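*Asks:* Test case, fold it:
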Amino acid sequence: METPEQIRDRLLARFPAAQVTVVTNPGPAAQHSLVLSPADARAIALFLRDDSALQLDQCSNVTGVDWPEKEISEITKTTVPDPAGGPARVVEYKTRRTEPGRLEVVYHLYSIALRHGPVVLRLRTGNRTDQVTLPSLTPIWRACEFQEREVFDLYGVIFEGHPDLRRILMWDAFKDHPMRKDYVEVDDYEWEPTPHDDLLEKAKRHYPAGAAEGLKN
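*Replies:* As a prediction, the model looks like this:
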């Protein structure tokens, strides 16, 4: 199978205006990935499925990743000459920058016809608040349908063009997205009629004074 770099180059030859970047994975699996801009994602996905050399006809896995905003420290070194004519010295400058948060959706693609893969695609939202819409790839690979619903449910990514985008694990009235890294677990478990152990301690905060004493552990 072609390397991610070769696939990127072919994609850029086919879609010259597209944004396609290779992200390397330093881990033992070394499953490098291709980051696609949302605007190009569906056209590229269709090409990957139908191209005779790739035939990526199966999406086996769709997962979400939450990247909260973080501060990054960077060290820059520069050589400063000695005004007195002595040896130059190396000076380090420390800078800090803020990397905005975002949500990411990762697709693992295989070719059943050619027996190769995976090719890993990544789509990234603009932020974690009001720019969380990405194109659904369900029209390209039907196997994405339930898995994109799960990412929508647990991370809050809105998939434009999904045929049935609604919660799949949490109930419809549930608020928030439990797999986000800043999610705070509720302590009022209305669905737990007889809370036990840690749930009991949390639930006690919402019982009338003295009511929790009659509960059994």
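*Asks:* which ones are touching the spatially most central residue of the chain?
*Replies:* Taking Cα atoms, centre = their mean, the centroid of the chain lies closest to E104, which sits 2.3 Å from it. E104 makes contact with G64, V65, D66, W67, R122, L123, R124, T125 under the criterion Cβ atoms under 8 Å, 6 or more residues apart in numbering. C-beta coordinates here come from the backbone N, C-alpha and C atoms, glycine included.
*Asks:* ok, now how distant is the last one from A88?
*Replies:* Pointing back at T125 there. According to Cβ to Cβ, to the nearest Å, T125 stands 46 Å off from A88.
*Asks:* can you check the third one too?
*Replies:* According to Cβ to Cβ, D66 stands 45 Å off from A88.
*Asks:* neighbour-wise, which of these two wins?
*Replies:* D66 (19 against 10; other Cβ atoms under 10 Å).
*Asks:* for that one, which residues make a bridge with it?
*Replies:* L103 (DSSP bridges).
*Asks:* could the contacts of E104 be laid out in TSV, adding pLDDT?
*Replies:* Output for these, formatted as TSV (pLDDT from 0 to 100):
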residue	pLDDT
G64	98
V65	97
D66	97
W67	96
R122	98
L123	98
R124	97
T125	98
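*Asks:* what would those residues look like in a markdown table with distance to P4?
*Replies:* Listed next are these as a markdown table, based on distance: Cβ to Cβ, whole Å:
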| residue | distance to P4 |
| --- | --- |
| G64 | 21 |
| V65 | 18 |
| D66 | 24 |
| W67 | 21 |
| R122 | 11 |
| L123 | 16 |
| R124 | 17 |
| T125 | 22 |
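*Asks:* Among these, name the buried ones.
*Replies:* Neighbour counting over the contacts of E104 (16 or more other Cβ atoms under 10 Å) leaves G64, D66, R122, L123, R124, T125 as the buried ones.
*Asks:* Surely H32 and T24 touch.
*Replies:* Yes - using Cβ atoms under 8 Å, H32 is in contact with T24, at 5.0 Å.
*Asks:* Sounds good, over and out.
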